[in-house]
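1. Need a 3D model of the following:
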Amino acid sequence: MSLDSDIIVDRRRIRRKLTFWRVVAALIAIAAIAVFAMIATPGARGTFATAGSIARVQIDGLIRSDADRTRALERLENSQAAAVIVHVNSPGGTTAGSEQLYDSLMRLKAKKPLVVVVEGLAASGGYITAIASDHIIAQQSSLVGSIGVLFQFPNVSELLKTIGVKVEEVKSTPLKAAPNGFEPTSPEARAALDALVKDSYAWFKDLVKQRRGMDDTQLEKVVDGRVFTGRQAIDLKLIDQLGDEKTAVTWLEEQKGVKKGLSVRDYKLEPRFGDLPFLKTAAAVTLEALGFGSIAHQIAQTGMVQAVDRAGLDGMLALWQPAASN
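-> Just a heads-up that it's a prediction; the model follows:
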């Protein structure tokens, strides 16, 4: 009996050691991939292929203010690229970040022929990005629009009341740091936020009207916050043409005089370190190695990663947020 107990104890000890070394191996693998990624993209952000080709720029995911992205686009202005195709696939992001990206693309357009191709989505801040171009191409099933502004904040005052917690504060004026989420939003604070949202919304509408050459009647049809398919958007003047990258190349050749037969090469705007896809993949691999594959799958399916990413956005939002499916 004593021998059996010793065997059981030894097996448990071996299992614990195996788990420990699996975790260590997974962490080493993540670190190695991270180092490789940083070595593979050294120096200044933004890498371009050969001179005399058409640059392909990808704008994916949430849009934030990003000084490195701005500098990368400035370098593209001074590169030997003959033209630029901007692929947009974004639900938007912060209003300030979207405006910053729009301004960068406007400066780039002043120096090089530029066209936008909407892949899956150019909504809200993603659409602000798209209208920097004089010509927007989208697939028939692409989604564009969502013209509007959003200001969201959680209010946990009822929860704090339930658990018996009260947050005290001393502030210079009633609207300082309002709303704070720890107390019911006052009418004055709500009115102040409403004024912010309306002002940003007016700016957004004026930008669309100016860039898309709409009159007031045409504008009112598209500024209620909805998204439209590419097929709908072309009749509403939100886009100019249905098609893809080949369509964009043809337009550049025929309308902007770009030399025929040029190759299209990626100009990479490297994402923030935390946004790199390999990190998410490595996290999933780590969970798998620890025997938590089902948990990794559930996290991916429920969209928790995306939710956390969106929670990191600060300030006024120009963001399309479809309801989560069951």
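2. Spit out the contact partners of residue 193.
-> Contacts were defined as C-beta atoms under 8 Å, 6 or more residues apart in numbering; by that measure residue 193 touches 151, 179. Any C-beta I mention is one placed from the backbone N, CA and C, and that applies to glycine too.
3. Give me the pLDDT value at it.
-> At residue 193 the predicted local confidence, pLDDT, stands at 89.
4. For residue 73, give me the pLDDT.
-> At residue 73, the pLDDT value in this model is 95.
5. again with residue 169
-> According to the model's per-residue confidence, residue 169 sits at a pLDDT of 83.
6. So which bits of stretch 249-263 are buried?
-> Residues of stretch 249-263 classed as buried: 249, 251-253, 258, 262 (neighbour count, 16 or more other C-beta atoms under 10 Å).
7. ok, those residues vs residue 241, which is closest?
-> Within those, the smallest distance to residue 241 is 7.1 Å, found for residue 251 (C-beta to C-beta).
8. Let me know the distance separating the closest one from residue 84.
-> Residue 251 sits 12 Å away from residue 84, going by C-beta to C-beta, to the nearest Å.
9. if I look at these two, which residues touch both of them?
-> Listed contacts common to residue 251 and residue 84 are residue 115; contacts here mean C-beta under 8 Å, 6+ apart.
10. And the helices in the stretch 1-150 of the chain, which stretches?
-> Assigned by DSSP state H, counting those that start in this stretch, the stretch 1-150 of the chain shows helices spanning 2-40, 67-77, 95-111, 125-130.
11. hey, least reliable of the ones you listed by pLDDT?
-> Across the helices of the stretch 1-150 of the chain, helix 2-40 gives the lowest mean pLDDT, at a mean of 63.
12. Is residue 209 in contact with residue 221, as I believe?
-> No. Using C-beta atoms under 8 Å as the test, residue 209 is too far from residue 221 to be in contact (11.9 Å).
13. re the thing from before, please dump the buried residues of stretch 249-263 into TSV; it should also carry secondary structure for every row.
-> As requested, those are exported to TSV (DSSP: H, G, I helix; E, B strand; the rest coil):
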residue	secondary structure
249	helix
251	helix
252	helix
253	helix
258	coil
262	coil
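14. State the pair within the residues you listed that is farthest apart.
-> 251 and 262 (13.4 Å).
15. how about the strands in the stretch 51-200 of the chain?
-> Residue ranges of the strands in the stretch 51-200 of the chain, as given by DSSP state E, counting those that start in this stretch, are 54-63, 83-94, 114-123, 136-138, 143-145.
16. tilt between the second one and strand 114-123?
-> Between strand 83-94 and strand 114-123, the angle formed by their directions is 30 degrees, by axes from the mean of the first three to the mean of the last three C-alpha atoms, to 10 degrees.
17. next one: the first one
-> With the same axes, to 10 degrees defining the directions, strand 54-63 sits at 20 degrees from strand 114-123.
18. Could you give me the buried positions within strand 54-63?
-> Under 16+ other C-beta under 10 Å, the buried positions of strand 54-63 are 54-60, 62-63.
19. So which of the residues you listed is the closest to residue 144?
-> residue 59 (13.5 Å).
20. So what sits opposite the closest residue to the closest one other than its chain neighbours in the bridge?
-> In this structure, residue 59 finds its nearest non-sequential neighbour in residue 88, 4.9 Å apart by C-beta to C-beta, 6 or more residues apart in numbering. Note on residue 88: beta-bridge partners by DSSP bridges are residue 59, residue 118.
21. Residue 88 and residue 119 touch, don't they?
-> Yes. In this structure, residue 88 is within contact of residue 119 by C-beta under 8 Å, at 6.8 Å.
22. what about residue 109, how many neighbours?
-> By the measure other C-beta atoms under 10 Å, the count of residues near residue 109 is 18.
23. can you check the one 3 residues further on too?
-> Residues near residue 112, counting by other C-beta under 10 Å, number 19.
24. Isn't it up against residue 82?
-> Yes. Checked against C-beta under 8 Å, the pair residue 112 and residue 82 is within contact range at 7.5 Å.
25. that older thread, and the strands of the stretch 51-200 of the chain: which comes nearest residue 178?
-> strand 83-94 (20.0 Å).
26. coming back round to it: Serialize the strands of the stretch 51-200 of the chain to JSON lines and add fields for distance to residue 71 and mean pLDDT.
-> Shown next, in JSON lines, are the strands of the stretch 51-200 of the chain (distance: least, C-beta to C-beta, whole Å; pLDDT from 0 to 100):
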{"stretch": "strand 54-63", "distance to residue 71": "14", "mean pLDDT": "94"}
{"stretch": "strand 83-94", "distance to residue 71": "16", "mean pLDDT": "94"}
{"stretch": "strand 114-123", "distance to residue 71": "18", "mean pLDDT": "95"}
{"stretch": "strand 136-138", "distance to residue 71": "25", "mean pLDDT": "98"}
{"stretch": "strand 143-145", "distance to residue 71": "28", "mean pLDDT": "96"}
